[in-house]
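Undergrad: Fold the following and give me the result.
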Amino acid sequence: MVFFHRASRTLITCDLAFNFGPTAAAPTRVLMRLIRSYGQLGPTKLDPLLIRDRRAARESLERILAWDFDRVVVAHGDVQESGGREILREGYAWLLASR
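TA: Sure, this is the predicted structure:
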């Protein structure tokens, strides 16, 4: 689930992306390091294993990335104040490239 607030150029996400860093609880930091998803906005490294319909996921992501957002608010982790669209695109490069 995602929401786009045009006026503030903010994307609000549920589980599309995570952004856990040093402010997260210790067990969360350990887990995110184990799955190589610590300290960066994006999907977890488990996502490629969890997405069953890559075409549908890619099409949805392409629609989201077409929106003019900069800031990303995640349900899990820290807010990405700027550069969010490009960072999210980089995090999902593996999905966007799979055609």
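Undergrad: quick one, helices of this protein?
TA: With DSSP state H as the criterion, the chain has helices at 26-34, 47-50, 54-65, 84-91, 93-96.
Undergrad: quick one: pLDDT of the closest residue in space to residue 65 that isn't next to it in sequence?
TA: Excluding the flanking residues, the one nearest residue 65 by CB to CB, 6 or more residues apart in numbering is residue 89, at 5.7 Å. C-beta: built from backbone N, CA, C; applies to glycine. Per-residue pLDDT puts residue 89 at 97.
Undergrad: Residue 89 against residue 67, yeah?
TA: No: counting by CB atoms under 8 Å, residue 89 does not reach residue 67; the two are 11.8 Å apart.
Undergrad: More neighbours: these two, which one.
TA: Taking other CB atoms under 10 Å, residue 89 and residue 67 do not tie; residue 89 has more neighbours (15 against 12).
Undergrad: In the protein, which residue is most central in space?
TA: What sits nearest the mean C-alpha location of the chain, by CA atoms, centre = their mean, is residue 17, with 2.5 Å.
Undergrad: just checking, it touches residue 44?
TA: No: in this structure residue 17 lies outside contact range of residue 44 using CB under 8 Å: 9.0 Å.
Undergrad: quick one: the closest residue to residue 94 other than its chain neighbours and residue 98, what's the gap?
TA: Among residues not flanking residue 94 along the chain, residue 48 sits closest, at 6.1 Å (CB to CB, 6+ apart). Computed as CB to CB, to the nearest Å, the residue 48 to residue 98 distance reads 9 Å.
Undergrad: what touches both of the two?
TA: When CB atoms under 8 Å, 6 or more residues apart in numbering defines a contact, no residue borders residue 48 and residue 98 alike.
Undergrad: Spit out the contact partners of residue 39.
TA: 20-22, 32.
Undergrad: So of these, which two are at opposite extremes in space?
TA: Maximum pairwise distance in the contacts of residue 39, criterion CB to CB, is 11.0 Å, between 22 and 32.
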